[in-house]
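**Student:** Okay, structure incoming, though there's no sequence with it:
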């Protein structure tokens with residue numbers, strides 16, 4: 001009993017430090033972005049696609065094509081037009097921008113824990129109808145059954161209470177609504193993640209491993225990231241692992257096969 005209590009305490013402590021690390025890291029990134037040290041529209045590892053399967057983008061968005069392609073891909077099997085979309089952990093709002101500009105939704109809402117991210121997103125997209133709100137993915141308050149589609153990309157690995165996040169997502173989806181999810185997991189945690197989806201009531205429509213296409217994206221995007229950090233004080237060290245640059249612990253672990261980047265498409269049951 002004492003050992004179990006100790007384990008629970010350690011899990012809570014580790015979760016607290018994980019969330020603190022995320023808050024500090026993303027606040028730092030947003031701070032440097034606000035100061036103009038670098039500028040990005042969208043934060044994710046990207047996805048490499050064959051030319052014939054690539055989406056059309058405006059000239060101004062080509063520089064971050066790989067990142068926009070990841071959003072395009074995880075949404076490509078769902079009808080988006082005239083639907084209400086919630087992007088949980090939307091970061092600087094680039095994914096919301098992509099959906100709103102290219103996929104003709106009815107309404108897009110972006111939710112993020114980092115207040116500075118939300119403030120910057122509101123500044124960047126003042127000429128759109130995108131609604132940005134601050135909130136914790138594991139404990140947010142939005143009207144029940146109010147969204148047709150929920151998107152969550154490359155952030156859930158840092159959540160303190162993943163099951164609460166999945167329950168909240170299920171609650172805000174309309175019956176028959178879709179939840180499209182993409183993230184990294186240690187290989188032996190993938191099935192546990194899938195079990196949580198099912199326990200919360202979701203029907204699994206699709207599950208696929210896209211690790212190799214993500215690694216290919218990282219390789220192709222390496223020079224752009226290095227150029228962006230060029231001359232920035234300690235930039236390569238500070239953001240090397242964060243950006244999955246070659247030689248970083250994160251890049252090496254993903255490349256070694258110890259981590260899986262997988263995409264899951266889920267549906268809420270129709271009452």
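**Tutor:** Arrived safely. On a predicted model such as this, the values are computed, not experimentally measured, just so you know.
**Student:** in the stretch 151-271 of the chain, which segments are predicted with low confidence?
**Tutor:** Residues of the stretch 151-271 of the chain that meet the criterion pLDDT under 70 lie in 231-238.
**Student:** Tell me which stretches of it form strands.
**Tutor:** Taking DSSP state E, counting those that start in this stretch as the criterion, the stretch 151-271 of the chain carries its strands at 173-186, 202-209, 259-268.
**Student:** Surely residue 177 and residue 268 touch.
**Tutor:** Yes - Residue 177 is in contact with residue 268 according to CB atoms under 8 Å; the separation is 5.0 Å. Just so you know, the C-beta spots here come from the backbone N, C-alpha and C atoms, and that holds for glycine as well.
**Student:** Isn't residue 248 up against residue 254?
**Tutor:** No - applying CB under 8 Å, one finds residue 248 not in contact with residue 254, separated by 9.6 Å.
**Student:** Start and end of stretch 145-159, how far apart?
**Tutor:** Using CA to CA, to the nearest Å, one end of stretch 145-159 lies 23 Å from the other.
**Student:** Distance from the chain centre to that stretch, please.
**Tutor:** Put simply, stretch 145-159 sits 8 Å off its chain's centre (CA atoms, centre = their mean, to the nearest Å).
**Student:** And it, what's buried?
**Tutor:** By neighbour count on 16 or more other CB atoms under 10 Å, the buried set for stretch 145-159 is 147-156, 158-159.
**Student:** In CSV: those, plus distance to residue 187.
**Tutor:** Below are those laid out as CSV (distance: CB to CB, whole Å):
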residue, distance to residue 187
147, 31
148, 32
149, 28
150, 25
151, 24
152, 20
153, 20
154, 17
155, 19
156, 16
158, 18
159, 19
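**Student:** which one among those residues gets closest to residue 225?
**Tutor:** residue 154 (15.5 Å; CB to CB).
**Student:** How many residues are close by the closest residue in space to that closest one that isn't next to it in sequence?
**Tutor:** With sequence-adjacent residues excluded and distances taken as CB to CB, 6 or more residues apart in numbering, residue 154 is closest to residue 44, at 4.8 Å. Using other CB atoms under 10 Å, residue 44 has 22 other residues around it.
**Student:** so how far is residue 172 from the closest residue to residue 113 other than its chain neighbours?
**Tutor:** In space, and not counting its chain neighbours, residue 113 is closest to residue 136: 5.4 Å by CB to CB, 6+ apart. Counting by CB to CB, to the nearest Å, the separation of residue 136 from residue 172 is 14 Å.
**Student:** the more surrounded of these two?
**Tutor:** The neighbour count for residue 136 versus residue 172, taken as other CB under 10 Å, is higher for residue 172 (23 against 19).
**Student:** who's in contact with that one?
**Tutor:** By CB atoms under 8 Å, 6 or more residues apart in numbering, the contact set of residue 172 is 86, 142-147, 150.
**Student:** cool, residue 186 as well?
**Tutor:** 258-260.
**Student:** In the sheet, which residues pair with it? Tell me.
**Tutor:** residue 259 (DSSP bridges).
**Student:** From residue 227, how far out is the residue nearest to residue 154?
**Tutor:** 19 Å.
**Student:** bridging residues for residue 85?
**Tutor:** Beta-bridge partners recorded for residue 85 (DSSP bridges): residue 108, residue 149.
**Student:** That one: neighbour count?
**Tutor:** 26.
**Student:** Am I right that residue 160 is in contact with residue 138?
**Tutor:** Yes - between residue 160 and residue 138 a contact is recorded at 5.9 Å, counting by CB under 8 Å.
**Student:** can you pick the most crowded of the contacts of residue 186?
**Tutor:** Neighbour max across those (other CB under 10 Å) = residue 259, 20 neighbours.
**Student:** Tell me who's in contact with that residue.
**Tutor:** Contacts of residue 259 (CB under 8 Å, 6+ apart): 184-187, 211, 253.
**Student:** Closest one of these to residue 194?
**Tutor:** residue 185 (9.7 Å).
**Student:** re earlier: show me which pair in the contacts of residue 259 is furthest apart.
**Tutor:** Farthest apart among the contacts of residue 259 - using CB to CB - are 186 and 211, which lie 12.4 Å from each other.
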